[in-house]
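K.L.:
Have a look at this prediction, sequence included:
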Amino acid sequence: MAKIKSCRFVIPSLIFLLLAWSPRQASPGDEKPEAPGERPMDFRQIIAQAKSKVFPALIYVAPVVEEFSGGKREKREQGGSGVIISPEGYAVTNWHVIEKAVSIRVLLFDGRFTTAEKIGEDRETDVGLLKIKPPREAAELPHARFADSGKLREGEFVLAMGAPWGLSRSVSLGIISSTTRYLPGRSEYSLWLQTDASINPGNSGGPLVNTEGEVVGINTLGSIVGGDLGFAVPANTVKRIVDSLRSHGTVQRSWTGLRLQPLHDFDRNIYFEGSEGVLIASVDKGSPALRAGFHTGDLLLKAGSVPVNGLNYEDIPAINTLLGDLPVNQEVQIALQRDGKDLALTLTPRAKGKVEGEDFELKDWNMTVKAINEFETPALFFFVKEGVYVQGTREPGNAAKAGLRRGDILIKVDGQAVTTIEELQTAYQNLINDSKRDKKALLEVLRNGLTYRIVLDYSTRYKD
């Protein structure tokens, strides 16, 4: 064991020693003759120079967010990182850092602090955009620039910058382990950069930087068990999202309802002949694709005039992005193959709309509710296309004591149908403001497809 441990430390030392005395390899087309007597930079200088270009643009982000999942509306402060990308103070961070933020404080590199405005956010790619209010004495803010992440290669050195565990600014060194990592459930519109540079809670939103001092990605996910395993949103994805957020405040996508599967699926041991097209794994209920006549098992060949090829899962995000960029409410011809025969269908995508429903706290009932959303809560959307469900109940509390559960769909309140947050707010306020009635309400809820009637007694007052 002692020998193995020794080898693990000796080998990196040898690498650094070699790098310190070996000239840096030039990129193709970037050859530059060395001046007589000029000594190439060693690796420590390369790292120091890269860090110096981005570190001043690194920020600590401290938003105050609203939380509803515990059965009541709560405010708490959380921490994350970000990087300034323009002299006017635009900064990139993660969506999950600023989600539901009601105010945002920012700590700058030189110790000054200020506030930031949330310009927009995209849950699908976990990217958020802020506009920092510059301190009075600052004419412009230090900022970093993006690299072309499409040119990254496995094995290249990178620096992960941020504020891990809420500590002061830090930098960790690693390599790019994969440039095209597919993560099930998290790769609908983008692949990920995988790195072994240490990424911990608090690093979220910070920059992943190459040895040229350019941002190649935004740190997003990390593993605190099983070694250093981190993931970043590629810079090319971030640039595209930021452009949309600056222009519209949101990312506008079309929704078709098509779920795709690659032709070669190693995990399921499924292989289809040919190298063109992508398999339609399923078609969402009530979707434009279902109305257009798409079937599970169809082979999608072209969207408009653009061919689509999905051999492996790594190809799927680019196809989803292509479908998401189709014009809303405009007909597009889709070429496909069904049972070996060529077929053309006319598809009219619609706007994807909100990915998440609205929240609301019913304080006297000690519960929080949320609007049903076909993208966030598809299982509930299957039963009710427009409605409100119980997001959380407080313990102890009136709703929990009455038997209400997370996921219950509210159908009626005292005989009045409720399908939106606004309707529920009205029914709730009418009950609370009626001083002549007993503090009880008859709720009709849908639970796993079955209807239940529940009497909610809200006469008890629970302290916060």
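P.N.:
All right, it came through fine. Keep in mind the model is a prediction, meaning the values are calculated, not measured.
K.L.:
C-alpha only now, for contacts and for neighbours.
P.N.:
Noted.
K.L.:
Go through stretch 85-100 and flag the buried ones.
P.N.:
Across stretch 85-100, burial judged by 16 or more other CA atoms under 10 Å covers 85-86, 88-99.
K.L.:
ok, now stretch 291-302?
P.N.:
Buried residues in stretch 291-302 (16+ other CA under 10 Å): 294, 296, 297, 298, 299, 300, 301, 302.
K.L.:
What pLDDT does the model give the second one?
P.N.:
As predicted, residue 296 sits at a pLDDT of 95.
K.L.:
if we can go back for a sec, would TSV of the buried residues of stretch 85-100 with secondary structure and distance to residue 286 be doable?
P.N.:
Formatted as TSV, the buried residues of stretch 85-100 follow (DSSP: H, G, I helix; E, B strand; the rest coil; distance: CA to CA, whole Å):
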residue	secondary structure	distance to residue 286
85	coil	41
86	coil	43
88	coil	44
89	coil	43
90	strand	39
91	strand	38
92	strand	36
93	strand	35
94	coil	32
95	helix	29
96	helix	29
97	helix	33
98	helix	32
99	coil	29
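K.L.:
With pLDDT and distance to residue 449 added, can I get the residues you listed in TSV?
P.N.:
Below are those laid out as TSV (pLDDT from 0 to 100; distance: CA to CA, whole Å):
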residue	pLDDT	distance to residue 449
85	97	49
86	95	51
88	91	53
89	93	50
90	97	47
91	98	45
92	98	42
93	97	40
94	97	36
95	95	33
96	94	32
97	95	35
98	95	35
99	91	31
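K.L.:
quick check, nearest of those residues to residue 55?
P.N.:
Proximity of these to residue 55 (CA to CA) peaks at residue 85, which lies at 12.0 Å.
K.L.:
For that closest one, give me the backbone phi and psi.
P.N.:
phi -120, psi 0 (degrees, to the nearest 10).
K.L.:
That one contacts residue 143, correct?
P.N.:
Yes. At 4.9 Å, residue 85 counts as touching residue 143 under the criterion of CA atoms under 8 Å.
K.L.:
Mind pulling the model confidence for residue 32?
P.N.:
Note on residue 32: pLDDT of 48.
K.L.:
so who does residue 108 touch?
P.N.:
Neighbour list for residue 108: 56, 57, 58, 59, 60, 114 [criterion: CA atoms under 8 Å, 6 or more residues apart in numbering].
K.L.:
on that earlier part again, pull the most distant pair out of the buried residues of stretch 291-302.
P.N.:
Farthest-apart pair in the buried residues of stretch 291-302 is 296 and 302; separation 16.4 Å (CA to CA).
K.L.:
ok so, going back, how about a markdown table for the buried residues of stretch 85-100, with distance to residue 177 added?
P.N.:
Shown next, in a markdown table, are the buried residues of stretch 85-100 (distance: CA to CA, whole Å):
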| residue | distance to residue 177 |
| --- | --- |
| 85 | 25 |
| 86 | 29 |
| 88 | 34 |
| 89 | 32 |
| 90 | 29 |
| 91 | 26 |
| 92 | 23 |
| 93 | 22 |
| 94 | 21 |
| 95 | 24 |
| 96 | 24 |
| 97 | 25 |
| 98 | 28 |
| 99 | 29 |
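K.L.:
Which SSE is immediately downstream of the helix or strand of the chain with the lowest mean pLDDT?
P.N.:
Ranking every helix and strand in the chain by mean pLDDT, DSSP states H and E puts helix 2-21 at the bottom, with a mean of 30. Counting by DSSP states H and E, the element after helix 2-21 in chain order, helix or strand, is helix 43-54.
K.L.:
before we move on, back to that, of the contacts of residue 108, buried ones?
P.N.:
Buried among these by 16+ other CA under 10 Å: 56, 57, 58, 59, 60.
K.L.:
per-residue pLDDT, the first one?
P.N.:
Per-residue confidence (pLDDT) for residue 56: 95.
K.L.:
Check for me that it belongs to a helix.
P.N.:
Yes. Counting by DSSP: H, G, I helix; E, B strand; the rest coil, residue 56 is found in a helix.
K.L.:
hang on, isn't it packed against residue 161?
P.N.:
No. Contact criterion CA under 8 Å: residue 56 and residue 161 do not qualify, at 11.0 Å.
K.L.:
What residue spans form the domains of this structure?
P.N.:
55-132, 149-248, 254-351, 359-457 (automatic domain parsing).
K.L.:
residues contacting the residue sitting nearest the centre point of the chain?
P.N.:
In the chain, the centroid-proximal residue (CA atoms, centre = their mean) is residue 126; its distance is 2.2 Å. The neighbours of residue 126, taking CA under 8 Å, 6+ apart as the test, are 94, 95, 96, 220, 233.
K.L.:
Select, from the residues you listed, the two members most distant in space.
P.N.:
Among these, 96 and 233 lie farthest apart (CA to CA), at 13.0 Å.
K.L.:
That's all I had, so thanks and see you.
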